[in-house]
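J.: got a sequence here, can you model it:
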Amino acid sequence: MTAAVRTPDTSSDAFEIREIPGVLGAEVIGLDLSQPLPESDFLRIRRTLAERQVLVVRGQGDLTPEQHIAFSRRFGPLEIHIQHHFHLPGHPEILVVSNVIENGKPIGLADAGRYWHSDLSYMALPSLGSLLHAREIPEGAGDTLFASLAAAYEALPEETQRRLQTLTAEHGYAARNRAQQAVTGQLRPGLTAEQEAKVPPVIHPVVRVHPETGRPSLFISEGFTSRIVELPEEESRALLAELFAHSIQDRFIYRHRWRPDDLVIWDNRQGIHLATGVPPDVRRTLYRTTVQGDKPQGIATA
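T.: Next comes the predicted model:
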């Protein structure tokens, strides 16, 4: 049985928020995002996202792309994904995630999220969060795993925590995209020189502080983190492998089993996620918006 999240405020009781057992996740019941949402209710949603990292908003079948975009913008400016081939026509703020092939071409990014990652961590201002709306969902397939990097950091020995607080890491998109393209071919188009120039590698703290809660967390992923700047290559590779393995233990993970019309919101500042995929003959389509965040801040050290 799940317990309601206690958020002492003046928002309405038009919907309920229930914690999902474990270190992350909450379910929102009775909220219709196709209707106007008072600011106090939005702030309740935002606070819970910062605290629980993943929000599952059920029953959003009436949500239009325009409403999806409008609600997402309440969190902040929206990113336009570099993979322009898969923008929803007329709505570049929405990235189509789909394995559907029409006229011999994919309508969306079919292999999105096949590795643990935090969306857009390769940007100078990494994403605050993402909002993924289920449009066509197969039964019993296509789960998404979410791991709490905040809980993973807190479980590390204090000596390791102190060491990591002094380190920075490089994040990049182009190399990962090339690696994925080599496997999937036309399902993932390559980037032009102009596109690659828009996503140069960036350096972020290995441990960042959440700007809303003050909670520290790891900020690395196997998808986009290529090296630890201060360490020799071999030592960097070994430490990253150790941290990646530590971060995806079952005790840090929530497995989301999609239902039709789900809208899932997650906090990219303190977690990573992984798409489990579906068989190629099973249709799956989702719409994703991504909110721009702030420059990651590390823990101040003496």
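
J.: direction included, what does the longest strand along the chain pair up with?
T.: Identified as the longest strand of the chain according to DSSP state E is strand 127-136. Strand pairing for strand 127-136, determined by DSSP bridges: strand 263-267 (antiparallel), strand 285-292 (antiparallel).

J.: just those: most buried one?
T.: A comparison of those by mean neighbour count, using mean count of other Cβ atoms under 10 Å, puts strand 263-267 on top with a mean of 26. Using the backbone N, CA and C atoms, a C-beta is placed for each residue, glycine as well.

J.: now the next helix or strand along the chain from that one: average pLDDT?
T.: The element immediately downstream of strand 263-267 (helix or strand, assigned by DSSP states H and E) is strand 271-275. Across strand 271-275, the average pLDDT comes to 96.

J.: who touches strand 271-275?
T.: With contact meaning Cβ atoms under 8 Å, 6 or more residues apart in numbering, strand 271-275 is reached by 24, 53-54, 112-118, 142, 144-150, 217, 221, 223, 247-248, 266.

J.: cutoff 7 Å now
T.: Contact with strand 271-275 is made by 24, 53, 112-118, 144-149, 221, 247, 266, as judged by Cβ atoms under 7 Å, 6 or more residues apart in numbering.

J.: got the strands paired with strand 127-136 as JSON lines, with distance to residue 66 columns?
T.: Shown next, in JSON lines, are the strands paired with strand 127-136 (distance: least, Cβ to Cβ, whole Å):
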{"stretch": "strand 263-267", "distance to residue 66": "14"}
{"stretch": "strand 285-292", "distance to residue 66": "11"}
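
J.: what number of residues lie near the closest residue to residue 248 other than its chain neighbours?
T.: Distances taken as Cβ to Cβ, 6 or more residues apart in numbering put residue 147 closest to residue 248, at 5.3 Å, once the chain neighbours are dropped. Per other Cβ atoms under 10 Å, the neighbour tally for residue 147 reads 27.

J.: let the chain start at 818 from now.
T.: In the new count, where the first residue is 818, that last one comes out as residue 964.

J.: beta partners of residue 964?
T.: Here residue 964 sits in beta bridges with residue 1070, residue 1089, as judged by DSSP bridges.

J.: I'd say residue 1020 and residue 984 touch.
T.: No. In this structure residue 1020 lies outside contact range of residue 984 using Cβ atoms under 7 Å: 10.5 Å.

J.: looking at these two, which is more packed in?
T.: Neighbours were counted for residue 1020 and for residue 984 using other Cβ under 10 Å; residue 984 has more, 17 against 12.

J.: give me the distance between that one and residue 1056.
T.: 8 Å (Cβ to Cβ, to the nearest Å).
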